[in-house]
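Visitor: what follows is a protein structure lacking sequence information:
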């Protein structure tokens, strides 16, 4: 029972600290922070895959498969959002000058 209370207290405190830290991050640092959390989630997915080999029951395997699937979706989605956000900061290419093409109705020789 003490273990459960300790685990719940750690979870609540981690959520509070995480919210407090993230809310104080300036907007310019959100993209690098997001990339870092994507890397951490990749480690979480790898840990889930490693735990799958040690799981005994079918229920544990099902829960691990669901956890790894959601973690993978989170990693891929995070990298897609990060790529899209970084694309907003890329310099736009200058517009290309259109080459002048003579019309078929006008002739160069004056006839």
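Guide: Cool, got the structure. What you see is a predicted model, and the numbers here were worked out from it, not measured in a lab. Numbering: from 1, shown residues only.

Visitor: between the two ends of stretch 86-94, how far is it?
Guide: One end of stretch 86-94 to the other measures 19 Å (CA to CA, to the nearest Å).

Visitor: how far off centre is it?
Guide: 19 Å (CA atoms, centre = their mean, to the nearest Å).

Visitor: what mean pLDDT does that stretch have?
Guide: In this model, stretch 86-94 has an average pLDDT of 78.

Visitor: and stretch 62-71, by the same measure?
Guide: The average pLDDT for stretch 62-71 rounds to 92.

Visitor: after whichever strand or helix holds residue 19, next one along is what?
Guide: Element membership for residue 19, per DSSP states H and E: helix 2-23. Downstream of helix 2-23, the next assigned helix or strand under DSSP H and E is helix 30-52.

Visitor: in that following helix, what's buried?
Guide: 31, 38, 41, 42, 45, 48 (16 or more other CB atoms under 10 Å). C-betas here are computed from N, CA, C, even on glycine.

Visitor: export those to a markdown table and tack on distance to residue 54 and pLDDT?
Guide: Rendered in a markdown table, the data for the buried residues of helix 30-52 read as follows (distance: CB to CB, whole Å; pLDDT from 0 to 100):
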| residue | distance to residue 54 | pLDDT |
| --- | --- | --- |
| 31 | 36 | 67 |
| 38 | 26 | 77 |
| 41 | 21 | 83 |
| 42 | 20 | 86 |
| 45 | 16 | 91 |
| 48 | 11 | 90 |
